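**Q** sequence plus predicted model, see below.
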Amino acid sequence: VLRPPADPFTKEVQPVEAVARFAPERSLGHRIRVQGIVTLQDADTIYLSDGRTGLRIESAVPAAFQPGDRLDVAGFPRVSDYSFTVEDAVCRRIGSQAPLTPIPVTVEQVLSGDYDSLPISIEGRLLGRSVLADNQTLVLKNGRAVFGAFIRQPNGAAPGANDLMTIPANSDLRVAGICVADKDQNERDHAFRVLLQSARGVV
């Protein structure tokens, strides 16, 4: 080591909105720093928001955070599959507040591209479900769009997950969770799924 790295938390804090709209021509090799509210944690992936814009964070070390925790994050920007992520991130809790309220949206609004990584609430008719060892997916339809509501259950059934098994097909549901958009080669959102914190996100 010729020169040890500087403290990453001495960098200037950048707005989440500015970072999430990262320009590809900027250098991806330098660490950036952001602050925001945790909306969901899925294994080592943390979803962060400033209330208007969402951001995916890949934590460098195992850590457990709860929705509503306010984090100070330093990590490296990366663009993969046309989506922006901050990876190898170091996160520290600097406060907490009430979790952010999911934003009621329509399919058309989601596919407009403004809700990726944000907490949303959306309705759909239950077509079916997929149950695996570590997750359960409810398949929903709204208009012509079909999307999944995904709940992880790494140690057996997640709290309340068994209750989802009793919901009859063709039920009208409202699900609240984090919107994860799938982008095409033109960087337009062409599909999406919803990550649930728990079964309480299904009504």
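**A** In hand now; what should we look at? Owing to the predicted nature of the structure, the values given are computational and were not obtained by experimental measurement. Numbers count the residues shown, from 1 in each chain.
**Q** where exactly do the strands run in this structure?
**A** Assigned by DSSP state E, the chain shows strands spanning 32-42, 45-49, 54-59, 69-80, 83-96, 103-104, 119-131, 135-142, 145-152, 172-183, 189-195.
**Q** show me what contacts residue 68?
**A** 37, 38, 96, 97, 98, 99, 100 (C-beta atoms under 8 Å, 6 or more residues apart in numbering). Every residue, glycine included, has its C-beta placed from N, CA and C.
**Q** any chance of those in CSV, with pLDDT and distance to residue 13 too?
**A** Output for these, formatted as CSV (pLDDT from 0 to 100; distance: C-beta to C-beta, whole Å):
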residue, pLDDT, distance to residue 13
37, 96, 14
38, 96, 16
96, 94, 18
97, 94, 17
98, 94, 22
99, 92, 22
100, 93, 19
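**Q** could I get those residues as JSON lines with distance to residue 119 and neighbour count?
**A** Formatted as JSON lines, these follow (distance: C-beta to C-beta, whole Å; neighbours: other C-beta atoms under 10 Å):
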{"residue": "37", "distance to residue 119": "10", "neighbour count": "22"}
{"residue": "38", "distance to residue 119": "10", "neighbour count": "22"}
{"residue": "96", "distance to residue 119": "16", "neighbour count": "15"}
{"residue": "97", "distance to residue 119": "14", "neighbour count": "10"}
{"residue": "98", "distance to residue 119": "12", "neighbour count": "8"}
{"residue": "99", "distance to residue 119": "8", "neighbour count": "16"}
{"residue": "100", "distance to residue 119": "5", "neighbour count": "18"}
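**Q** need those in a markdown table (columns: distance to residue 63).
**A** Output for those, formatted as a markdown table (distance: C-beta to C-beta, whole Å):
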| residue | distance to residue 63 |
| --- | --- |
| 37 | 16 |
| 38 | 11 |
| 96 | 14 |
| 97 | 19 |
| 98 | 21 |
| 99 | 18 |
| 100 | 20 |
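**Q** tell me the one of those nearest residue 118?
**A** Nearest to residue 118, judged by C-beta to C-beta, of the contacts of residue 68 is residue 100 at 8.4 Å.
**Q** my read: the closest one touches residue 49, true?
**A** Yes. The criterion here is C-beta atoms under 8 Å, and residue 100 meets it with residue 49 at 6.0 Å.
**Q** list residues touching both of these two?
**A** 37, 39, 119.
**Q** quick check: bridge partners of the last one?
**A** The reference is to residue 119. Beta-bridge partners recorded for residue 119 (DSSP bridges): residue 178.
**Q** so what's the residue count around it?
**A** 26 (other C-beta atoms under 10 Å).
**Q** read off the pLDDT value for it.
**A** Predicted confidence (pLDDT) at residue 119: the value is 94.
**Q** run through the residues that contact it.
**A** Applying C-beta under 8 Å, 6+ apart to residue 119 gives the contacts 39-40, 49, 54, 99-103, 176-179.
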